[in-house]
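Asker: dropping the sequence and predicted coords here.
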Amino acid sequence: MIKALDNFKFVGMNDRALFRNTMWSRKMSQKVNVQGYYEYMKMPWGKLFYELAWHNIECQGKRILDFGSGFGYTADHFAKSNEVIAVEPNEEMIENRFSENDYQQIKGDIGVLKKMPDGSFDVIIWG
């Protein structure tokens, strides 16, 4: 178990969604249509997807990890009232990330978490 994840409030997907997301992540790491994904996020239905998910997550003044942050849309949203660290392996997504609010962006994967101290986050969002 990764020590940085001890004693956190977990916000994420169920097992089936995690499996689909893992499969999707493997495909994404092979070849990413970054422009297509970015355009989807800007469409009303892309925005609605995220806004519905955010509606179910209440947190203020927390230390949040957004793991697999993509374009940083979620990290940027929660950075309005929280300290956010976003981790994403895809450099092109990081270069084109949303950054209206202040949050820390790290290029990396699970290896980054292994280096963080125990109990580093109050909330972890991934997906």
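Answerer: Thanks, I have it.

Asker: all contacts plus neighbour counts: C-alpha atoms, from now on.
Answerer: Will do.

Asker: now residue 82: how far from residue 102?
Answerer: 9 Å (C-alpha to C-alpha, to the nearest Å).

Asker: swap that for residue 60, please
Answerer: 15 Å.

Asker: neighbour count: the two, which is higher?
Answerer: Taking neighbours as other C-alpha atoms under 10 Å, residue 60 and residue 102 compare with residue 102 leading, 17 against 13.

Asker: just confirm the more buried one is within a helix.
Answerer: No - residue state for residue 102 (DSSP: H, G, I helix; E, B strand; the rest coil) corresponds to coil; a helix is not indicated.

Asker: model confidence for it, exactly?
Answerer: pLDDT recorded at residue 102 is 97.

Asker: with adjacent residues omitted, what lies nearest to it?
Answerer: residue 79 (6.1 Å; C-alpha to C-alpha, 6 or more residues apart in numbering).

Asker: if I pick the one you found, what's in contact with it?
Answerer: The contact partners of residue 79, by C-alpha atoms under 8 Å, 6 or more residues apart in numbering, come to 101, 102, 103.

Asker: and those as TSV, adding distance to residue 48?
Answerer: TSV is the format used below for the contacts of residue 79 (distance: C-alpha to C-alpha, whole Å):
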residue	distance to residue 48
101	20
102	23
103	22
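
Asker: mind listing the helices for this protein?
Answerer: Secondary structure of the chain by DSSP state H: the helices cover 15-30, 34-42, 44-55, 73-78, 91-95, 110-114.

Asker: so for the last one, what gets flagged as buried?
Answerer: Buried residues in helix 110-114, counting neighbours by 16 or more other C-alpha atoms under 10 Å, are found at residue 113.

Asker: okay, and for this structure, where does confidence drop off?
Answerer: 1-32, 127 (pLDDT under 70).

Asker: swap in 50 and give it another go.
Answerer: 1-3, 5-10, 13-20, 22-24, 26-28, 30 (pLDDT under 50).
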